[in-house]
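> Quick one: sequence and predicted model below, then my questions.
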Amino acid sequence: MANRPIITLLTDFGWGDGYIGAMKGVILGINPDCRIVDLAHKIAPHDVIGAALVLGQTYPYYPAGTIHVAVVDPGVGGTRRPLVLEGGGYIFVGPDNGCFTLILKREQAVRTYELTEERFRLPRVSQTFHGRDIFAPAAAHLSLGVSAEAMGPAVDIAELTRLTIPEPLLNGAILLGEVIRVDSFGNLVTNISQEILGEFAGDNMIELEIKGERVTGLKQSYDEGGEGEIIALWGSAGFLEIAIKEKNLHRERGWGKGEQVRIRRKT
Amino acid sequence: MANRPIITLLTDFGWGDGYIGAMKGVILGINPDCRIVDLAHKIAPHDVIGAALVLGQTYPYYPAGTIHVAVVDPGVGGTRRPLVLEGGGYIFVGPDNGCFTLILKREQAVRTYELTEERFRLPRVSQTFHGRDIFAPAAAHLSLGVSAEAMGPAVDIAELTRLTIPEPLLNGAILLGEVIRVDSFGNLVTNISQEILGEFAGDNMIELEIKGERVTGLKQSYDEGGEGEIIALWGSAGFLEIAIKEKNLHRERGWGKGEQVRIRRKT
Amino acid sequence: MANRPIITLLTDFGWGDGYIGAMKGVILGINPDCRIVDLAHKIAPHDVIGAALVLGQTYPYYPAGTIHVAVVDPGVGGTRRPLVLEGGGYIFVGPDNGCFTLILKREQAVRTYELTEERFRLPRVSQTFHGRDIFAPAAAHLSLGVSAEAMGPAVDIAELTRLTIPEPLLNGAILLGEVIRVDSFGNLVTNISQEILGEFAGDNMIELEIKGERVTGLKQSYDEGGEGEIIALWGSAGFLEIAIKEKNLHRERGWGKGEQVRIRRKT
């Protein structure tokens, strides 16, 4: 681990309350020397799947040893367990509600422990803000070199909550996908990966349909689209995206999460 | 003071302008070695009471010696004084407009000085952005070890602006509180503390009324609420909160700041 | 260059996606020791002129050697060149789309290079996110001491894209300006600088007209305005601003970018 470890924060808290500020204070109070990186703070409130996707899309870019804290936690104070995960050279801290779905899918040899040790929590734990009272202090102690297994009992990873991220279906000559996320530019991110589309269509041209609207072929970049033209292209996380150049497609048409996308080969 | 002191920033600037960026530049220009922590930047524009509540809720979590800068400053360039406060092991920098109300309420032996010394300001001071021209340079010089009293003449703390945060009233068998803040999840934070409710109702069950709607008893966590059920519970700052599970109560019902909350014992 | 160089980030990404987080991860993966400063992240989507103005208003406050990264990049993946600029003691990284207009206007002896060297990019470069794949790694390598000229071939600064920021016109006894930006408080920032107004009116009183509404004279600060009164005053970047005290003028009246402002001398 580096001398000055990195803790990233991913939340749905926004910048208008004291929630982010309190977490940072707790961390710096325990390890004044660690570095805190604001990863994302405007995940839609309670959108655990959004947290899972954003975390999955960013964590592998960080140096080994980085501690990623994810607090999108509608079930705070309920029965869901507070966790630390080790995997892929990283440490992850957050609730067992599915926000680690993509880490569990991708990383081998993940080890998990429940955050039960009281000495690694704040002295008084509320039932409404575990980000401050459990997750921030755990991350800070981990950044000081405390091992994950010292934090509490091991948890079988087979027991962990995993979200169902819908998979594309092959239906005869049609590949059926859907929009799984809308980004802040209003671009629609689908669940169709480069691998899946390659298997389906090879180097053939495709024709895509969404809400009765047809899009032929893929563009290389947003810039290739004409004025007002709906285009399809590869987004930065390797999934097919539907967009309008310099416009917010989500707002222009009202299309969002769950919208069906039908793809045909065009030879 | 640590070798690499911490300066936190609390503003109503948002992330769309150059205001936060200019303040950080000024600080790093004076003390390139200090650490800047973004505490909150989306306090509602000009909402000094919001700034006071968020600062009060977060500052005590930081390590001793932290310098907290609060710039929610509708009276910039007017007669309100620019201040530095020392109290509780912390240093606070900002306008004398009430944003330090909770620090003055809680901390003993607060010392205050007016930021008049020109050598601790930018060479040219605008009348529209003291965050950049007075508060940021003061904080940076303080982080270099300049004493608060070197910044200008002492100010009698009896003269400082304090906001009136409404107190709950006991009216016969009814405890009358009100909503003092809406957080970004749409939860309604009241002025009823655990101490006050304990004195009023002891271990008895309570019944709460807001806008003609009745809520019986307190939940332990948001998670205990049923679908669409309005619940009351202890928020993370120790005040009674009213909420709906995984919904934005403020937006669902239009209830906000100033709404009356009536509490009865239920035996 | 300082031991621990500073990289600032200016984007239109907002805090809801993984874009900022991915860029930070890439930077820290290459130079774990550098410091990342969030400068602004809510520039309006694709608003290159907004990025240029915010960057122009903030960069000179930073210590020499600071690396400023600007990613408001609607033409990503198209023909616009990815650039590094050296000028005024700073390094700037971003697309050649006009976001460096004010740097080119103000700084002497600017040197520019195209970011073509593959060893200073991520191994796989997408066509939709050069912030992560080209700009972040370039900035990180620059922060390690790699020279700008090592990044790719020199570009003639005469060829660089410059945005037209409208200049005020003198039309007989009238100085004709316009609103070039609305800040997050809803204040209207015009293109009339202190220098231009000084030449036009000297120390004489002025009368200003916007949308048929008349404003006489300048206030010193927002605080001097009466309840609901439209006022004019000098904003913090040295341009004339039109505002209402503690209100959002943009929202109250619907006035925005491009609105004409007519100024007369009043003797």
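Thanks, I have the structure now. Residues are numbered from 1 along each chain as shown, chains lettered A, B, ... in the order given.

> ranges for the helices of the stretch 151-267 of chain A?
In the stretch 151-267 of chain A, the segments counted as helices under DSSP state H, counting those that start in this stretch are A:194-201, A:249-253.

> again, but for the stretch 1-150 of chain A
A:19-30, A:48-58, A:101-106, A:130, A:136-143.

> So which of those is nearest residue C:185?
helix A:19-30 (21.8 Å; CB to CB). Glycine gets a C-beta too; all of them are placed from N, C-alpha and C.

> The closest one vs chain B: in contact?
Yes. On the criterion CB under 8 Å from any CB of the partner chain, helix A:19-30 is in touch with chain B at A:19-22, A:24-26, A:28-29.

> what about that helix, near chain C?
No. Helix A:19-30 is not in contact with chain C by CB under 8 Å from any CB; minimum separation 10.1 Å.

> Could you export the residues of helix A:19-30 next to chain B to CSV, including columns for neighbour count and pLDDT?
Compiled in CSV, these are given as follows (neighbours: other CB atoms under 10 Å in any protein chain shown; pLDDT from 0 to 100):
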residue, neighbour count, pLDDT
A:19, 26, 98
A:20, 26, 98
A:21, 27, 98
A:22, 27, 98
A:24, 24, 98
A:25, 25, 98
A:26, 23, 98
A:28, 25, 98
A:29, 18, 97
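
> Could you let me know which of those ends up closest to residue B:36?
residue A:24 (11.1 Å).

> List the contacts of that closest one.
A:9, A:36, A:136, B:8, B:37, B:39 (CB atoms under 8 Å, 6 or more residues apart in numbering or on different chains).

> Tally up the residues packed near the first one, please.
Spelled out, that is residue A:9. 25 (other CB atoms under 10 Å in any protein chain shown).

> wouldn't it be in contact with residue A:38 here?
Yes. Between residue A:9 and residue A:38 there is a contact at 5.8 Å, judged by CB atoms under 8 Å.

> Which residues are in contact with the residue lying closest to residue A:228 once chain neighbours are set aside?
In space, and not counting its chain neighbours, residue A:228 is closest to residue A:244: 6.4 Å by CB to CB, 6 or more residues apart in numbering or on different chains. Residues near residue A:244 by CB under 8 Å, 6+ apart: A:225, A:228-231, A:252.

> Kindly write the ChimeraX command that selects the buried subset of these.
A single ChimeraX command selects the buried members of the contacts of residue A:244 (16 or more other CB atoms under 10 Å in any protein chain shown):
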select /A:225,230,231
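
> Let me know the closest of the contacts of residue A:244 to chain B.
residue A:252 (21.7 Å; CB to the nearest CB).

> about what we covered before: common neighbours of residue A:9 and residue A:38, please.
residue A:20.

> gap between the residue lying closest to residue A:49 once chain neighbours are set aside and residue C:124?
What sits nearest to residue A:49 in space, not counting adjacent residues and going by CB to CB, 6+ apart, is residue A:163, at 5.4 Å. For residue A:163, the distance to residue C:124 (CB to CB, to the nearest Å) stands at 27 Å.

> higher neighbour count, these two?
Legend: neighbour count by other CB under 10 Å for residue A:163 and residue C:124, higher for residue A:163 (15 against 7).

> Quick check: that one touching residue A:98?
Yes. Residue A:163 is in contact with residue A:98 according to CB under 8 Å; the separation is 3.8 Å.

> can you list residues touching both of those two?
Joint contacts of residue A:163 and residue A:98 (CB under 8 Å, 6+ apart) are A:48-49, A:52.

> For the residues you listed, could you give me a markdown table that also reports neighbour count?
Formatted as a markdown table, the shared contacts of residue A:163 and residue A:98 follow (neighbours: other CB atoms under 10 Å in any protein chain shown):
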| residue | neighbour count |
| --- | --- |
| A:48 | 23 |
| A:49 | 19 |
| A:52 | 26 |
